[in-house]
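S.K.: sequence below, structure please.
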Amino acid sequence: RRSLSARGALAGPGDHFARRFAPPSHNVTARGPTAAARPTISTATAAVYCYTLLLLVSAGGARSSISMLGRSLGSFSLLGACGVATVAGYDLRQRRFGSAAFAAPRGGGGGEPKPTIVVKMGGSAVTIKSQLETLNETALDATASQIAAATSSGVKLAVLHGAGSFGHFQAKKYLISKGDKHPDWAFGFADTRRAVTLLNQEVVARLVRSKVAAVGLSPFPTASMKAKSLQECGALAHACEVLERGMVPVLHGDAVFDDVQGSAILSGDVILQELCETLSPVSAVFLTDVPGVFTKPPSEPGAQLIPEILVGKDGSCTLPEMSTAEHDVTGGIEEKLKTAIAVVKLGIPVIIVQVGTEHAAAALRGDTPKVMTILRLKDE
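M.R.: Numbers count the residues shown, from 1 in each chain. The predicted structure is shown next:
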């Protein structure tokens, strides 16, 4: 049983994760506004660990001994390493990749840690959003091949996808995002989950077919919300474990229980933000059905691609007018851009690129796409 400490000698991005998203079996105290969650151990147990550390140091050197002791405690090493990619003038080498636990599979050797990238497949990119439970098979197959190429080159990817036409229709019909007020909400909740997990299976199947060690992870039932605010999500801890073991976690937006209103929708955008806070990736990549963000809806004459959006440290920036599909229960492009801005405020650049293109392939490798929109912090 892994005990995750929220604060320690090597504190870092995992603090947030340990406080909020350890599964129930993990020994982490409930988070509070100022509380630091710590696993509690007895004085005798602490003395045993200290004595063990002294023995290990005398036998094999301090650094390796501390690493061995850390493994015995089940803690995460939050050591960083420098990146190699440059995106639109933003030097990613100034960022840290995050936990060394994500640099190599467990049991593997040392060497240069590999970059971690969080990838969001938009629901409108991998499904035909206007048609009930219909895949965009061309885009999905192309993305699976590109992810396979990226992981083969050493990039570590954490993947999540939206629901698209798998779940949005059911969630809207039964008002799942508004709680348990609909007389058939329980059936609607179940049918929404059937649809989103079906899409997750399809995504994972295509990744595995492309020789990607992909593992599907559902937020339900480990996730809970309170008045539509995420309280806990054990699936994030499981995603970190999957990454640590050299595989690709594939998460998705989901219907979950809400302590106040009965049920709610946990969007993939919220999960993306939490993953970025936990992993501190070199970038977050949004795969969409359009090349990026436009000055107005891309279907309108005169729409122009915006190559770069600069975000102030307070989250301020200028965004174009946007529209949302009627059945979209997660807020559409406007809500997704708000999520992107929240990620940028963490110091993580966000790249929005068209799914299945050579530009998407470049972003997944950590290279600079020629056609994209990048959101990054404004130099101040």
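S.K.: any low-confidence regions in the stretch 151-300 of the chain?
M.R.: Within the stretch 151-300 of the chain, not a single segment meets pLDDT under 70.
S.K.: can you give me the strands in it?
M.R.: All strands of the stretch 151-300 of the chain, identified by DSSP state E, counting those that start in this stretch, fall at 156-161, 214-216, 223-226, 229-233, 248-252, 254-258, 262-266, 283-288, 293-294.
S.K.: mind putting these in TSV, mean neighbour count and distance to Val196 included?
M.R.: (Glycine included, C-beta is placed from N, CA and C.) Shown next, in TSV, are the strands of the stretch 151-300 of the chain (neighbours: other CB atoms under 10 Å; distance: least, CB to CB, whole Å):
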stretch	mean neighbour count	distance to Val196
strand 156-161	26	9
strand 214-216	21	11
strand 223-226	19	13
strand 229-233	20	15
strand 248-252	26	6
strand 254-258	24	6
strand 262-266	24	10
strand 283-288	26	18
strand 293-294	22	26
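S.K.: indicate which one of these is closest to His182.
M.R.: strand 262-266 (9.5 Å; CB to CB).
S.K.: can you list the strands that the closest one pairs with?
M.R.: Strand 262-266 pairs in its sheet with strand 254-258 (antiparallel), by DSSP bridges.
S.K.: buried set for the biggest helix by length in the chain?
M.R.: Taking DSSP state H as the criterion, the chain has its longest helix at helix 185-209. For helix 185-209, the neighbour count (16 or more other CB atoms under 10 Å) marks 185, 188-189, 191-193, 195-197, 199-200, 202-204, 206-208 as buried.
S.K.: can you lay out the strands of the stretch 151-300 of the chain as CSV showing distance to Lys129?
M.R.: Listed next are these as CSV, based on distance: least, CB to CB, whole Å:
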stretch, distance to Lys129
strand 156-161, 13
strand 214-216, 21
strand 223-226, 24
strand 229-233, 24
strand 248-252, 15
strand 254-258, 18
strand 262-266, 16
strand 283-288, 11
strand 293-294, 18
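S.K.: and the contacts of stretch 165-174?
M.R.: Residues external to stretch 165-174 that are found in contact with it (CB atoms under 8 Å, 6 or more residues apart in numbering): 123, 127-134, 163, 176-177, 182, 184-185, 187-189, 191-193, 195-196, 198-199, 253, 255, 265, 325, 327-330.
S.K.: tilt between the longest helix of the chain and strand 156-161?
M.R.: 140 degrees (axes from the mean of the first three to the mean of the last three CA atoms, to 10 degrees).
S.K.: what is helix 185-209 packed up against?
M.R.: On a contact count with 3 or more CB pairs under 8 Å, 6 or more residues apart in numbering; DSSP states H and E, helix 185-209 meets helix 137-152, strand 156-161, helix 168-173, strand 214-216, strand 248-252, strand 254-258, strand 262-266.
S.K.: once you drop chain neighbours, what's closest to Gln231?
M.R.: Counting by CB to CB, 6 or more residues apart in numbering, Ser224 is the residue found nearest to Gln231 once chain neighbours are left out, at 5.0 Å.
S.K.: residue contacts, the one you found?
M.R.: Counting by CB under 8 Å, 6+ apart, Ser224 has contacts Leu230, Gln231, Glu232, Cys233, Val256, Phe257, Asp258, Asp259.
S.K.: would you list these in JSON lines and tack on distance to Cys317?
M.R.: Output for the contacts of Ser224, formatted as JSON lines (distance: CB to CB, whole Å):
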{"residue": "Leu230", "distance to Cys317": "24"}
{"residue": "Gln231", "distance to Cys317": "29"}
{"residue": "Glu232", "distance to Cys317": "31"}
{"residue": "Cys233", "distance to Cys317": "28"}
{"residue": "Val256", "distance to Cys317": "30"}
{"residue": "Phe257", "distance to Cys317": "35"}
{"residue": "Asp258", "distance to Cys317": "31"}
{"residue": "Asp259", "distance to Cys317": "34"}
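S.K.: so which strand or helix has the residue nearest to Pro369 when sequence neighbours are not counted?
M.R.: Spatial nearest neighbour of Pro369, excluding adjacent residues (CB to CB, 6+ apart): His359 at 3.7 Å. According to DSSP states H and E, His359 maps onto helix 358-365.
S.K.: contacts for that helix?
M.R.: 117, 119, 143, 146-147, 149-150, 153, 155, 157, 283, 285, 287, 291, 351, 353-354, 368-372.
S.K.: which among those end up buried?
M.R.: In the contacts of helix 358-365, burial by neighbour count holds for 117, 119, 143, 146-147, 150, 155, 157, 283, 285, 287, 291, 351, 353-354, 368-369, 372, counting by 16+ other CB under 10 Å.
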